[in-house]
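Trainee: what follows is a predicted structure for the sequence shown.
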Amino acid sequence: MKEESIENCKKHRKYNRNVHGGEAVYGLGIIGAIFYYFSTASTFWMFVFGFVKAVFWPALLIYEVFKTLHM
């Protein structure tokens, strides 16, 4: 049974080599958004709100696209 799980891990690793590329792009997007929102913030709460917006900006973007397309 242990040999089967080792073989399954090897197969899984073989097919999922390039999965992490999107995570890097998302991380860079968050860093860029944090710089943008922090540079425009003038109060402490604007910094806090900017951080929250920086983390959730992809969801807000998709929401606005769907709203514009009336989906």
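Mentor: Nice, thanks for sending it over.
Trainee: can you list the low-confidence ranges for the protein?
Mentor: Low-confidence segments of the chain, defined by pLDDT under 70: 1-22.
Trainee: and the helices in it?
Mentor: Counting by DSSP state H, the chain has helices at residues 2-15, 21-40, 44-68.
Trainee: any chance of the ones you listed in a markdown table with mean neighbour count as columns?
Mentor: Using the backbone N, CA and C atoms, a C-beta is placed for each residue, glycine as well. Output for the helices of the chain, formatted as a markdown table (neighbours: other C-beta atoms under 10 Å):
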| stretch | mean neighbour count |
| --- | --- |
| helix 2-15 | 9 |
| helix 21-40 | 12 |
| helix 44-68 | 12 |
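Trainee: how far away is W57 from T40?
Mentor: Distance, W57 to T40, using C-beta to C-beta, to the nearest Å: 14 Å.
Trainee: err, I62, not the other one
Mentor: 22 Å.
Trainee: repeat that for V55.
Mentor: To T40, V55 is 16 Å away according to C-beta to C-beta.
Trainee: and what of E64?
Mentor: E64 is 19 Å from T40, by C-beta to C-beta.
Trainee: V25 too?
Mentor: From V25 to T40 the distance is 23 Å (C-beta to C-beta).
Trainee: what do you get for L61?
Mentor: From L61 to T40 the distance is 18 Å (C-beta to C-beta).
Trainee: and if you look at V65?
Mentor: Counting by C-beta to C-beta, the gap from V65 to T40 is 23 Å.
Trainee: same check, this time on M71
Mentor: In terms of C-beta to C-beta, M71 sits 30 Å off from T40.
Trainee: same check, this time on G27
Mentor: Separation of G27 from T40 (C-beta to C-beta): 21 Å.
Trainee: same deal with I34?
Mentor: Separation of I34 from T40 (C-beta to C-beta): 11 Å.
Trainee: shared neighbours of those two, anything?
Mentor: G50 (C-beta atoms under 8 Å, 6 or more residues apart in numbering).
Trainee: enumerate every residue touching the nearest residue to W57 once chain neighbours are set aside.
Mentor: Distance criterion C-beta to C-beta, 6 or more residues apart in numbering; nearest residue to W57, sequence neighbours excluded, is A33 at 5.1 Å. Neighbouring residues of A33 by C-beta under 8 Å, 6+ apart: K53, A54, W57.
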